[in-house]
Each structure stands twice: as structure tokens, then as C-alpha cells.
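> sequence and predicted model, in that order:
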Amino acid sequence: MLKSKTFVKKTRSGGVMKVVREHYLRDDIWCGSEVCTECKQESTVLQKDACMESSLCSYPHYLVPDTNVVLHQIDILEDPVICNVIILQTVLQEVRHRSAPVYKRLKDIIHEKEKRFYTFTNEHHRDTFIEREPGESANDRNDRAIRVAVKWYSQHLKTFESDTDGLKVVLLTNDQGNKQKAQDNGLLVYKCEEYVKSLIANPELVDRLALSSDDKNEITSSKVLFPEHLPLSRIQTGIKSSSFLQGTFRASRDNYLEATVFVQGEGEDSTEVLIQGLQNLNRAVHQDVVAVQLLPRSEWVAPSSVVLQDEGTAKDDEDAEEEEGKVTAVEAARKPTGKVVGIIKRNWRPFCGMLNVSQIKESTRHLFTPADRRIPRIRIETRQASTLSGQRIMVAIDGWPKDSRYPNGHFVRSLGGAGEKDTEEEVLLLEHDVPHQAFSQAVLSFLPKMPWAITPEDMMKREDLRPLTVCSVDPPGCTDIDDALHCRELENGNLEVGVHIADVSHFIRPGNALDKEAANRGTTVYLCGKRIDMVPELLSSNLCSLRSNVDRLAFSCIWEINHKAEILKTRFTKSVINSKASLTYAEAQMRIDDTNKNDDITKSLRGLNKLAKILKRQRIEKGALTLSSLEVRFHMDSETHDPIDLQTKELMETNSMVEEFMLLANISVAQKIYDEFSECALLRKHPAPPPSNYDILIKAAKSKVKIHTDSAKALADSLDAAKVDGFPYFNTLLRILATRCMMQAVYFCSGMDSDFHHYGLASPIYTHFTSPIRRYADIIVHRLLAVAIGADTTYPDLMDKHKQSALCNNLNYRHKMSQYAQRASVAFHTQLFFKSRGILNEEGFVLFVRKNAIIVLIPKFGLEGTVFFDSKDKVSPNIVFEEEIPGVSVPAPDTERPAKKQKLDH
């Protein structure tokens, strides 16, 4: 049966176009139930004996949730106890339009066979399809469609009543109007909360209920704490007229009463608006998209110099806010300051953290403290507080009413005991949104069948470089070897240098499940003692890894270079190599230094090392920066996998040698793909920091040396000259601070940007080509280069600059999150290391000075922490904070002018 929908729409040119859509209705859409003998279905999903022990429904029953129940109670639907559920097409379509994350979770549940969720295509069933009536809203029409489908199911299953033991269909809705109409139609209907509370065997499921608006009113006080959020229509008008600004809300880690809103302007321009005080923050949560209104210039303030954590009961919130407001700022230090007037888009996700059990006996309302300091505490209701105490749990926010100090939320699940290694690892992966589930069968199905070997067809399209003395140099224990090098003398007296990179794009073809998974993961994440691979292990540690003494497919970049390290010729080729040695940095260094060794591998390494030193000198002369960040390496116990020793990583000449040739390959490839594809080359840039970023560095150094920041070259020269007698670590500290002044390097599509410069490397163009096993960006660059040299064919998405740009956004996000996850893993393992070691005395340096705390760095352990001057159990010393330096001093009883303790003194 054919229906047609007709509507008119306005075209871009201002005309009107009539659109007719055909809508087919069928009578061969089956109900999916085991009890049915009428539907000619090959397999069924819904069970005959659909028993969930409920005090409301003592009979077997199927559940039909409406759209709002699915959107707000997806945590309930995911629980194993909820099964035999009918998901109507109407609901599925609405969920898809309203929330992509919930839609994905719902699709995952539908694919779980044991959950027995059945999708019923009611919009195409002859008996359940309904037309929208004149004057009826789309929402009311969909509610009616759900009721019609439930009525059809009830009548359809009634015909088999003798076999079904009274099987019924129950509609779940939280909409009072919908519930009333369903009851008037004689349908079985309950509110989601009523039904969940009726489940006899699973009382703890109540904790996972998202609060309804009625509950939210119950929990909050009558005192209005926050201004009302403006409606979206007012916000949009305000943004158009420039009276409001739209931006991303970024909460401060150090002060819970402070945040900045990042407002993206035209092109590269962007501004940051400072927000201070609870009322001005107005219930915005980190990463929300908000509307802000700038305050008058006279009310602008400087960022706070106080480290303030929300202790809940430590001090009254209004007092804390007032205290913040009293900070008088130097005019120059003041920043554009504003207040949040409305929320454009919430970016809430389930948060990991700990439960703070209420002091009130028998109370079911407790505060949850998230692991991320930028997220406010969340008030939840649970009857399992004693069980959950001391565990890491996940909680979701349901809402934040204007009369509640904290947002309201609900318990999602427990992750395990706090402090346990597996639990903490799971927390940091979830908190940093690192995809870490096992690779699906769909992904694994695209891996090569074993045993794998290079075929004659492969050899025909490639250069055979197996006779060359190629070797790899990597950190100890590295199994995903991306790159190998060779250097040999040519007959004309010049040198031939080759960088050979694993040809991952040979195994991962565009658009298949393996490619999509790698694109989503974006990067391999290296935790202490664990690696979360971007591609399955068969590729990362075996077929793509350039291990020694096996034939491997590679993508080679080969230069002819003279002894002054000037590049005379460059060529790129797909190749086959056979690495002669897999060395660690230390092993390669020993070979270079050992005068008794003179074999081909050692000669090759010495040639590479000599050229690398010249290349590095040339880069530094151009203004490339040599910055510093502390990295530590753990020695793990082979049985417990706990850290037994910790030391800062030492860099050798061979680290620099490999780095120089990787940089050279990346620059050569960047130029080639940009020359060939000026609109869709995937490149990497490092923007120059705005001058204000250098304030911390200039202030830190000014008592000892002057730092020039006009250009990268000026900064590099200043850092080289910054030395203080008797304080050898001073220069390293300045370089650590300089690193923190830098902007993040990002991937971008050449057709969407005009500034390609890489500030840190002082290079006009750059990309990533050398690590395709662990970075998806490199796979795309390999594909572009392969097309450029005629070694592979192109495909539409590769040449689509908008799709490339969207891909870059994901890669930048994944790359940033992986860095944060790695740092969190190091911090956790450092805590494990110190757990059983008592109090240690080590040399530390003051990195930053705040009004009530100092931030201290302990180089030996790469450890950084906040030391507060006052704490609950000890009286604060009489400290004078001097914002200009910034520094703190403790007045001596007998002297008028105190000696100042300045930043970076030790």
C-alpha cells in the first residue's frame, strides 16, 4: 500500500518547491514474539516467558518505552535485568535526531542478543501507521503513534492468550498527558520510576534512575542561588546583536570559583572572557557551550592568585565569593570579564569519582566528588552508600536547578575499589575518553590471513631495498617499530640516507571497518606498562612492525645529501626492506662510541649521527626551540607490575639522531603532498603563542635574566644565554616554563587554512609521516603521498577538504586526550611508587607562587604538586603576597624589610 506525503519548502533563491515523498505501508512486518503463530517470522526476539519480578506487573510482559524514557533513562535500559523490550521505529527515529550518544547506546543494546530488544517498524506497518492530524504538533502525533502501536500489540498478542499465560504489553512514559490518554484507551501504562521501584529482585536499580523534574524540585531549597538562564531565542538574538558572546566554558583546575570562556572569532582570532564568582558562573559545567555577557570595564578583574578547592563544608560559599571579589588587580593585569547568561549546549557525560557519604544517619542523599577537579560536585540519591564508599563510581548529571548549590544526578555503575590498579586505569581511560574496548569481529575480519607473506604482485610495484644496511633505533621494549634508517656512501662521494616507514596503508584500506576504527581511535595511547593500540596487535607488533631479519613492506623517503647536510635530491618509493638490527638508543650509542666496531651497521649509524648534528645546528640557527619537559621511566616488578624504581629519562645523541631524520622526512613529505594537493593536504602546524602567554616566563626570569619573546629565534637565543652561577638547574626550569607558554600543535587541512608555519620547529611547512602504526594522521599522509607518486589510487573522502577538516578535529581531540591520559598514568604510578616509602627529603624548586600556595617541582621524580600555606589542622604563617614579582615573604620579627622568596629560587 502506498501513501504519499506532500509538503512545500523554500529554496535558496527564494522560490517555493513542492516535495512529494512516497511512504510504503506493508502487512509483512512481524511482531517478533515467540508466542505468535500468525506472523511468518523465521526467528523471534521477544520471549514467551517474559518475566521480570514486579509488584505492579505479576504477569509476563513486554515493555514499550516512549522517546523521553529512552533519552533520560538509558542507564536503566542498559541494565541486564531489563529485557524483552519493544523499541518502536517512531522512538528510534526521534532518539536519533535528538541525541547521537544515546542513539548509539540504544543500537548497541538492540544488538545484544541476551537483552532481547526488538525494533518494530510501526511507521511502515499497515495497522500502526497514522497520519498527522490538522493542528496536531509533531510531538503529539508521535505520542499518539506510540499509543496506537501499543494497542495493536496488546490486541495482537491477545489472540494467543491461551498460550501466553496472560502476556501483556506495558507502556513506560513520564509524560502525564500521554499516560492519561493511554489509560483512557485501556492501555497498561506506568511511569518509568513507578515501574523500576516495583522490581522486587533489583531494588538497587532505583539508584540509576535519572531525576524527573518533579524530583528536582523536591531536592532543592526555596532560596534562589543563581540567576535564571535566558531562553534560546533571547540568546540567539543577543549573539546576533553582539550583546552576548558564544563560547566554550573552561573551568579552572585551581579555583572552583573561576573559569574562562573561549570565544572563537573570525579566522584565527579568539578571545577569552574571565568569569569569577558562583553567580556569574551560573551553573555552567566544563566544556559546555555558553552565552556570556561582558561586564562594564570598571568591573573587569585579573585572574585570581588564590588556589581554591571546593571543600563543601570548609567555608560558606557566599563568603568565599566575596573574598575573591576583594582582590585588587593592577590595571594592566585585568582581563575582559563577564557572566554566563544562558546555556547553548550541555556537554555532560558520565563522570568518574568518589562518593562522599552524608554525615546524616540513614540519609539517601549524598555528594559525589568527580575525579576531574573542573567538574562540580554532584548530589545523588542512593541506598547503597555503605557499599559504594571507598569505590570509584560513575555518575551522570540530570540537571542543575537555580535553587540548588550543586547539580543533581544519578548513580550509573561502580568501577571497583579506589586505589586498585585496574580500577584507576579504567578511570583514567574513561575520563580521557580513550576508546579501549577490544577490537570487534567486524574490524578483525579485515586483517590479513595468516601465514602472511609478500607476494610477487607486491614485489612488482615496489623497489627491492632488502640488500641495504637498514636498522631501527627505538626505546627499550618497543614492539611497534614504525621507522628504520640507512646511510651509505655513493660513488660520487655524496651520501644516500633513507628513512623507511612501515607501510600500514597497504593493510588498512579506505572506508572498511578497520579503517573507521583506526580513524576513531586516532592514536595509540601509551600508559605505564600498558599500550592501547590504534590498530590490532597483528599489525602493530607483527606485520607492520619493522623487526630485524624479516622482510617488511615500507614507504621510503630517500635523499642524496652532501657532507654539509645539504639535500641534493629527494625521492619517495614504496619498498621492501629487511632490517639488519633492532637497536635501543643505548645500544646504538655504544656502537657509535666503540672505536673497535667498524661493521656496516655501525658505519651507517656514524654517518647518520654526523649528519644529524649538522641538521640540528642548522635548525637551531633558523630559530627552532629546544624546550624541556620532565619525563620519568618506571621499572616494573615482573610479577605484580607495580613500580619498583623510578628515574627521569636520559636523552642520548641517538635520540636526537633519529629525531632529526624523522623531522626531515616529515618536512620533505609535507612539501610534496602540498605541491600535489594544495587543497586537501593533511598538515601539522604550531601557532606562535600570543604575547600574553609569555607573562609567566618573563616574570619568573626577570630577577635573574631578560627573556626576549619577539620571535622564536629571539626566545631560543634568550634561553641559551639564561644561566645563573651556582644554579645549574635554572636554565632547565626556564625551558620547562617556556614549554607551558606554547600553543598546542594541531593537524589541519591545507585548503581550510592559510597559516602553515610550525613555530617550535621554525619550519614553513610540516606534517606527520613517520609513525603510521600509532597515528592515524600518518596513514592519511601515506595515502596522499602514494597518490602523488602514482603508487596507489585516490578515493572521494581523501580529496574532500571538509571531510579532511572534520577528521583533523577528531585527531586533534584524541591526540590531546592521549597526552593527558599518559600524564595521569605517570602521576598514578608515581603515587603507587611512594605508597610504601614513607617521607622522603628531596630537592624541589618553586615553579609558581600563588596567594595561599606554592607550586613545587621535584625534578628527580618529575613530580609537581601544590603546597598550601594553611591547612585545617595548622595555623597559616603571616605571609605577604606580592603580585608584581610574584612572590611571598614571611616578615621577620626584628627587621623592617623582609628578604623575598622569589619564583625559581631553591
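That came through, no problem.
> and the protein, what are its domains?
45-208, 232-305+333-345, 350-418, 441-688+743-825, 841-889 (the TED database).
> low-confidence stretches in the stretch 801-906 of the chain?
871-906 (pLDDT under 70).
> and what of the chain?
1-7, 161-165, 212-222, 266-269, 311-332, 628-650, 871-906.
> compute the distance between P691 and L697, please.
Distance of P691 to L697, computed by C-beta to C-beta, to the nearest Å: 11 Å. (C-beta placed from N, C-alpha, C; glycine too.)
> before we move on, what about R823?
21 Å.
> V867 touches R850, doesn't it?
No - if you go by C-beta atoms under 8 Å, V867 and R850 don't touch, sitting 10.0 Å apart.
> more neighbours, the two?
Legend: neighbour count by other C-beta atoms under 10 Å for V867 and R850, higher for R850 (21 against 13).
> settle this for me: that one is touching V307, isn't it.
Yes - using C-beta under 8 Å, R850 is in contact with V307, at 5.0 Å.
> which residues are in contact with each of those two?
Common neighbours of R850 and V307, using C-beta atoms under 8 Å, 6 or more residues apart in numbering, are D254.
> what ranges does the stretch 551-700 of the chain have for its strands?
551-561, 567-578, 581-584, 632-636, 643-648, 682-685 (DSSP state E, counting those that start in this stretch).
> which one of these lies closest to P475?
Nearest to P475, of all the strands of the stretch 551-700 of the chain, is strand 581-584, at 6.7 Å by C-beta to C-beta.
> what does that closest one rub up against?
By C-beta under 8 Å, 6+ apart, the list of residues contacting strand 581-584 reads 471-476, 481, 546-548, 591, 601.
> got these as TSV, with neighbour count and secondary structure columns?
Formatted as TSV, the contacts of strand 581-584 follow (neighbours: other C-beta atoms under 10 Å; DSSP: H, G, I helix; E, B strand; the rest coil):
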residue	neighbour count	secondary structure
C471	25	strand
S472	23	strand
V473	26	strand
D474	19	strand
P475	12	coil
P476	9	coil
I481	21	coil
L546	26	coil
R547	17	coil
S548	16	strand
R591	22	helix
I601	18	helix
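> redo those residues as a markdown table? Include distance to K181.
Shown next, in a markdown table, are the contacts of strand 581-584 (distance: C-beta to C-beta, whole Å):
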| residue | distance to K181 |
| --- | --- |
| C471 | 76 |
| S472 | 70 |
| V473 | 73 |
| D474 | 68 |
| P475 | 66 |
| P476 | 69 |
| I481 | 66 |
| L546 | 67 |
| R547 | 68 |
| S548 | 73 |
| R591 | 82 |
| I601 | 81 |
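> who's in contact with F868?
Residues near F868 by C-beta under 8 Å, 6+ apart: 307, 852-853.
> now, which of these lie within strands?
Among these, DSSP state E puts A853 in strands.
> quick one: buried ones out of the contacts of F868?
307, 852-853 (16 or more other C-beta atoms under 10 Å).
> near S241, how many other residues are there?
8.
> and what of P401?
Other residues close to P401 by other C-beta under 10 Å number 18.
> same deal with A371?
With other C-beta under 10 Å as criterion, A371 counts 17.
> list the residues that contact it.
351-354, 392, 427, 431.
> export those residues to TSV and tack on secondary structure, neighbour count and distance to T369?
What follows is the contacts of A371, written out as TSV (DSSP: H, G, I helix; E, B strand; the rest coil; neighbours: other C-beta atoms under 10 Å; distance: C-beta to C-beta, whole Å):
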residue	secondary structure	neighbour count	distance to T369
F351	strand	23	10
C352	strand	24	10
G353	strand	21	5
M354	strand	18	5
R392	strand	22	11
V427	helix	21	13
E431	helix	20	13
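> pick out the most distant pair among those.
Applying C-beta to C-beta across the contacts of A371, the maximum distance is between M354 and E431, 12.9 Å.
> hang on, L71 in a helix?
Yes - according to DSSP: H, G, I helix; E, B strand; the rest coil, L71 belongs to a helix.
> can you tell me the SS state at the residue nearest to R132 when sequence neighbours are not counted?
With C-beta to C-beta, 6 or more residues apart in numbering as the criterion, R132 has its nearest non-adjacent residue at 4.3 Å, and that residue is R141. What three-state DSSP gives for R141 is helix.
> right, and R141 touches P134 too?
No - the criterion here is C-beta under 8 Å, and R141 misses it with P134 at 11.0 Å.
> which of those two has more neighbours?
R141 (14 against 5).
> now that one: how far from L171?
Distance from R141 to L171, by C-beta to C-beta: 16 Å.
> longest helix of the protein?
Of all the segments of type helix in the chain, defined by DSSP state H, the longest one is helix 801-835.
> starting at the chain centroid, how far to that helix?
Mean C-alpha position of helix 801-835 versus that of the full chain (C-alpha atoms, centre = their mean, to the nearest Å) differs by 7 Å.
> would you tell me what the next helix or strand after it is?
Using DSSP states H and E, the helix or strand that follows helix 801-835 towards the C-terminus is strand 845-849.
> and that following strand, what does it pack onto?
helix 730-741, strand 853-858 (3 or more C-beta pairs under 8 Å, 6 or more residues apart in numbering; DSSP states H and E).
> can you lay out these as a markdown table showing distance to F249?
Converted to a markdown table, the helices and strands packed on strand 845-849 look like this (distance: least, C-beta to C-beta, whole Å):
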| stretch | distance to F249 |
| --- | --- |
| helix 730-741 | 22 |
| strand 853-858 | 24 |
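> distance of R606 relative to Q176?
81 Å.
> ok, L539 next?
55 Å.
> which one of those two has more residues nearby?
L539 (23 against 10).
> which residues does the more buried one contact?
L539 neighbours (C-beta under 8 Å, 6+ apart): 447, 504, 507-508, 773.
> ok, and the most crowded of those residues?
V504 (26 neighbours).
> ok, now which ones touch it?
535, 539, 544, 772-773, 778-779, 782.
> so which of those are in helices?
Those of the contacts of V504 lying in helices (DSSP H): 778-779, 782.
> and S445, what does it touch?
A513.
> if we go to 10 Å?
Listed by C-beta atoms under 10 Å, 6 or more residues apart in numbering, the contact partners of S445 are 512-514.
> go ahead and build a PyMOL selection from the buried members of the residues you listed.
This is the PyMOL syntax for the buried subset of these, where burial follows 16+ other C-beta under 10 Å:
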select buried, resi 514
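> pick the one among the contacts of S445 closest to E496.
Nearest member of the contacts of S445 to E496, counting by C-beta to C-beta, is L514, at 34.8 Å.
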